[in-house]
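Engineer: With the input below, show me the fold.
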Amino acid sequence: MTKKAEVVVEEPAEEMERGRLLEMTRKVLLASIGAVALAQEEIENFVDKLVERGEIAERDGKKLVREVMEKRKKEAKKGQDEVEQRVDELLSRMNVPTKNDIDALSAKITALTKKVDELKNA
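Structural biologist: As a prediction, this is how the structure comes out:
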């Protein structure tokens, strides 16, 4: 009877942490999208009820919905910027290179490759 060797591959702690971070971020973003859609629908329903009861004019109701949606978009952008900043800080602490870091390295590699080719041809 022959024993088979099992190969166990463990993910480094940083990889696991990144995976958890990405999954958590994905869940937060999906929840945010759902909340925004629900909030917009609730606002529109509320304003429609005010119009039906004659408490505000239809024109004023549409203006109110537009104003609330514009404010919500500004707040959402502000929140998105804050999340991006925090994710960047976290990735920096984990020593994960950013897209700009990778692009800069790619540009350097391209320049060095060009110089090596020039030296070979000389």
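Engineer: how many neighbours does Val68 have?
Structural biologist: Val68 has 16 neighbouring residues, counting by other CB atoms under 10 Å. Just so you know, the C-beta spots here come from the backbone N, C-alpha and C atoms, and that holds for glycine as well.
Engineer: correct me, but it touches Ile43?
Structural biologist: Yes - at 5.5 Å, Val68 and Ile43 qualify as touching, with contact defined as CB atoms under 8 Å.
Engineer: Let me see the mean pLDDT of the host helix or strand of Val87.
Structural biologist: According to DSSP states H and E, Val87 maps onto helix 58-93. Rounded to a whole number, the mean pLDDT of helix 58-93 is 84.
Engineer: Pull out the buried positions in that helix.
Structural biologist: For helix 58-93, burial by neighbour count (16 or more other CB atoms under 10 Å) applies to Gly61, Leu64, Val65, Val68.
Engineer: ok, residues contacting the very next helix or strand once past it?
Structural biologist: Past helix 58-93, further along toward the C-terminus, the next helix or strand under DSSP H and E is helix 99-121. Here helix 99-121 makes contact (CB atoms under 8 Å, 6 or more residues apart in numbering) with Pro97.
Engineer: what angle sits between helix 99-121 and helix 58-93?
Structural biologist: 50 degrees (axes from the mean of the first three to the mean of the last three CA atoms, to 10 degrees).
Engineer: same question for helix 99-121, mean pLDDT?
Structural biologist: Averaged over helix 99-121, pLDDT sits at 94.
Engineer: Which pLDDT does the model give Lys4?
Structural biologist: pLDDT for Lys4: 52.
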